[in-house]
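# Quick one, structure for this:
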Amino acid sequence: MVEVTLWSGLVPLADNQRKLEIEAGTIRELLGKLQDRYPGLKEPIRSEVAVVVDGTVYRNDWSQELAPDADVFLMRRLTGG
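Below you'll find the predicted structure:
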């Protein structure tokens, strides 16, 4: 199981839970399971989320494998240039 911490804007969409435990082997699988369990997360995950795994930010590489003890945070994707 991977423990996922949500940024505060996502908490109301996940039954007011800030931390969730999800069984997932990749970021893609994790995001899919979160969307299945909490349909309100679907749109934010699609357009607003960056995933931080053990301190490394992933914006589009959802094939990244997750260790069972990984620290995972869903954060708002920052834009700019």
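# I'd guessed E23 sits against R37; true?
No: when contacts are counted by CB atoms under 8 Å, E23 is not listed as touching R37 (11.1 Å). Quick note: C-beta positions are derived from backbone N, CA and C, even for glycine.
# so who does the closest residue in space to D71 that isn't next to it in sequence touch?
Nearest residue to D71, sequence neighbours excluded (CB to CB, 6 or more residues apart in numbering): D54, at 5.4 Å. Residues in contact with D54, defined by CB atoms under 8 Å, 6 or more residues apart in numbering, are A67, A70, D71.
# what's the answer for K33, then?
Residues I22, E23, A24 are the ones in contact with K33 under the rule CB under 8 Å, 6+ apart.
# Identify the spatial nearest neighbour of V49, chain neighbours not counted.
When the adjacent residues along the chain are set aside, V49 lies closest to L74, with 5.3 Å between them (CB to CB, 6+ apart).
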